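Enquirer: Next one to model:
(chains A and B)
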Amino acid sequence: MKEDKYCPNCGKRLSFFYMKPNCPACGVDLLRYDYEGRLQRDAEQAAREVESLWRFVRKIDKARLVERHCLKKGRPLPWEDAPAEEKREG
Amino acid sequence: MEEKKKEIRYVGVKENLLFGLANAGQCFSYNMFTGSYLSLFFVKVFGIPPGAVATMLLVLGIWDTVNDPIMGGIVDKTHTRYGKLRPYLLLVPIPLAISTVLFWGGPLLLQNSRDLTLKIVYMYVSYLIWEFFYTLGDVPYWSLSAALSPSPSDRTRAIATARFLSGFIGGIATVVMLPVLIDMSNHGQIGWSLREVFAVCGLISAVFIVGLFSLAGLFVKERVVQQVEETSFFDAFRFIGKNKPLLLIILSNVLGTVSSIAGVFGAFYYTEVLDFMSWSSLLSLIGGLGGGAGMATIGLIKKRFDNRQLAIINKIVPAVLGTIAFFCGMRHYELWYVVIPVIGVKNLISGVFDAYNSVVSTEMIGDTVDYMEWKTGMRNEGMAFSVLTFVGKMQGRLSTSLGTALLPLIGYFVTETVLPDGTVETVSNCTEAFGRPTQFWLWAFFTIVPAVTGLLAIIPYHFYELKGDRLREIREEMRLRREAAAVTPTEVLTDERG
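Expert: Numbering: from 1, shown residues only, chains lettered A, B, ... in the order given. Below is the predicted model of the structure:
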């Protein structure tokens, strides 16, 4: 992974075989550095991938099976924020 | 209307898929080692007496029970920049692939040898080496299911993906590849002996290991940060002793060991009674359809039942199905047009519950890891998941050992003849035992015996406390503790460095 190649603090390039938990240049704990920030970025990346997947599903679902299922169950469509009830009333 | 608090998702679609594909690669190899083919391989292909095989499986099964928790303890003591699990997942694929090839290629390498001692030594050494590398990868892999995200729904999704893909892709070895090649070899449709069939299959599974199993180490992150305070190696073992829910799970799996002999007797039943190993492919595919239905419905089922309830249901349903199947085929076990539909229906329904069980059992281990962190402040994924792998392997080894040891008792024997070209050919013979033909006992041990004995595994769940509101309270408290404990590591280090 890209984030394994460089120290997130000082940017020093790290060898694949370098296993120690601290950066050899700045000494920062490589596993715990900016832990919350990385979690936040992972959550955003995951949300983007899920959104992208649902857009792809919407594209190939010509029979609109997903949309019909969501409307029937009263659930929001996975690719929109608007809940299904508003669509039905509309 | 109640507002449902939505859990944050940290593991994306790609990473989830790669985690699952890694398990598929691992299982492609491992499935060949489970009871169904291992016993057949040693007894019929390698020509080793059943007693020696049963002893080896028992001895190495005991070694397995020891080295899995040891590996778990080592993993929990590991601190690298990749985490404590990923280094092993990066290191293991290549040596595991090499040891897999050497294991399954054994009969081919020693085909001109009549030295039984040499064969037995080779069997022990190659199996030990394979098992060492497999454990080195398996314990960290399943531990990663608890460490890849603090979100329980992420873990469920990852485990379900892994189980689905391993059942689908990983099952190709035992569902399609091996049975079809064995039948084609036995009926002279390909110019390969069974030795060559297993050697080629070993080579193919090595490719899957390197190509797929390595994905976990390369692309899956550890996101649950381990505690800074180090635990001693023996603390990890002590924590297992304090983890009552985990001990109950272990006990349940131990009590359910005999139910796993169905795999051993299944392989012998298809080859010796129906003379068509490929039936197992068809029936496994049917089971796979059930498994797919199970994976598709697990979200709905988990809304209705908690993990403990599902674990109990997963013991009762196979017991009922196995019993019904036995009585349906009791007088007609040699007629494929009677037994195949019966086993097909049984497999279809069992497949659904096997899918639930595969997710639930792994999740329950993760629950016990959370429980221990809540109780003691220490997370021991390595040790806890080593218990999962150790119990699974112990069940497999003990059941294979027991099943293999039972073969002579039900009248099954193997003899050796030397062919004109100098190679040694093994021939199997079915006789009778206790007034019934061997074939009847193969049917019984394939259906009703494992079914009924599996019910013993329910008893420990009566005392299991991680369920419903209790589990929700623990998780909520853990979430609050993690939020309170989050600090920027550089601030800590700056203070330490002055």
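Enquirer: what sits against the spatially most central residue of chain B?
Expert: With the centre of chain B defined as its mean C-alpha position, the nearest residue by C-alpha atoms, centre = their mean is B:G392, 5.6 Å away. Each residue near B:G392 by C-beta atoms under 8 Å, 6 or more residues apart in numbering or on different chains is listed here: B:N253. Glycine gets a C-beta too; all of them are placed from N, C-alpha and C.
Enquirer: List the buried residues for the helix or strand hosting it?
Expert: Assignment of secondary structure by DSSP states H and E places B:G392 within helix B:381-409. Within helix B:381-409, the residues scored as buried using 16 or more other C-beta atoms under 10 Å in any protein chain shown are B:381-408.
Enquirer: close to chain B, is the helix ranked longest in chain A?
Expert: Secondary structure assigned by DSSP state H gives helix A:35-60 as the longest helix of chain A. Yes - contact between helix A:35-60 and chain B, assessed by C-beta under 8 Å from any C-beta of the partner chain, occurs at A:35-36, A:38-39, A:42-43, A:45-50, A:52-53.
Enquirer: What ranges does the stretch 351-498 of chain B have for its helices?
Expert: B:381-409, B:438-446, B:448-453, B:468-485, B:489-497 (DSSP state H, counting those that start in this stretch).
Enquirer: rewinding a little: can you turn the buried part of the residues of helix A:35-60 next to chain B into a ChimeraX selection?
Expert: Selection command for ChimeraX covering only the buried members of the residues of helix A:35-60 next to chain B, criterion 16+ other C-beta under 10 Å:
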select /A:35,38,39,42,43,45,46,49,50
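Enquirer: Below-threshold pLDDT in the chain: ranges please.
Expert: Since you didn't name a chain, this refers to chain A. By pLDDT under 70, the weakly predicted segments of chain A are A:80-90.
Enquirer: Wait, chain B was what I had in mind.
Expert: For chain B, residues meeting the criterion pLDDT under 70 lie at B:1-6, B:34-36, B:173, B:225-237, B:416-428, B:485-498.
Enquirer: what's the neighbour count on residue 22?
Expert: In the absence of a named chain, this looks at chain A. Other residues within reach of A:N22, judged by other C-beta atoms under 10 Å in any protein chain shown, total 17.
Enquirer: look at chain B instead
Expert: Using other C-beta under 10 Å, B:A22 is surrounded by 28 other residues.
Enquirer: give the contact list for it.
Expert: Contacts for B:A22 (C-beta under 8 Å, 6+ apart) come out as B:89, B:141, B:162, B:212-216, B:220.
Enquirer: for A:D61, same thing?
Expert: With contacts taken as C-beta under 8 Å, 6+ apart, A:D61 has the following neighbours: A:E67.
Enquirer: cutoff 10 Å now
Expert: The neighbours of A:D61, taking C-beta atoms under 10 Å, 6 or more residues apart in numbering or on different chains as the test, are A:54, A:67-68.
Enquirer: Would you mind listing which of those are buried?
Expert: Taking 16+ other C-beta under 10 Å as the criterion, what is buried in those is A:54, A:67.
Enquirer: Name the nearest of the contacts of A:D61 relative to B:R470.
Expert: Taking C-beta to C-beta as the measure, A:W54 is the one of those closest to B:R470, at 34.8 Å.
Enquirer: Taking the residues of helix A:35-60 next to chain B together, which two end up most distant?
Expert: Across the residues of helix A:35-60 next to chain B, the longest distance by C-beta to C-beta is 26.8 Å; it joins A:Y35 and A:L53.
Enquirer: ok, now how distant is the residue nearest to B:V254 when sequence neighbours are not counted from chain A?
Expert: Here the nearest residue to B:V254 in space, its sequence neighbours aside, is B:V391; by C-beta to C-beta, 6 or more residues apart in numbering or on different chains that works out to 6.9 Å. The spacing between B:V391 and chain A, counted by C-beta to the nearest C-beta, to the nearest Å, is 30 Å.
Enquirer: from memory B:V391 sits against B:L247, does it?
Expert: No - the pair B:V391 and B:L247 fails to qualify as a contact (C-beta atoms under 10 Å) at a distance of 11.0 Å.
Enquirer: if we can go back for a sec, now the helices of the stretch 351-498 of chain B in JSON lines, please, with extra columns for distance to B:P318.
Expert: As requested, the helices of the stretch 351-498 of chain B are exported to JSON lines (distance: least, C-beta to C-beta, whole Å):
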{"stretch": "helix B:381-409", "distance to B:P318": "14"}
{"stretch": "helix B:438-446", "distance to B:P318": "13"}
{"stretch": "helix B:448-453", "distance to B:P318": "6"}
{"stretch": "helix B:468-485", "distance to B:P318": "25"}
{"stretch": "helix B:489-497", "distance to B:P318": "49"}
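Enquirer: Looking at these, which is nearest to A:P8?
Expert: helix B:489-497 (10.0 Å).
Enquirer: Verify the stated contact: B:M123 with B:F103.
Expert: Yes - applying C-beta under 10 Å, one finds B:M123 in contact with B:F103, separated by 8.9 Å.
Enquirer: More neighbours: these two, which one.
Expert: For B:M123 versus B:F103, the count of surrounding residues by other C-beta under 10 Å is larger for B:F103: 26 against 23.
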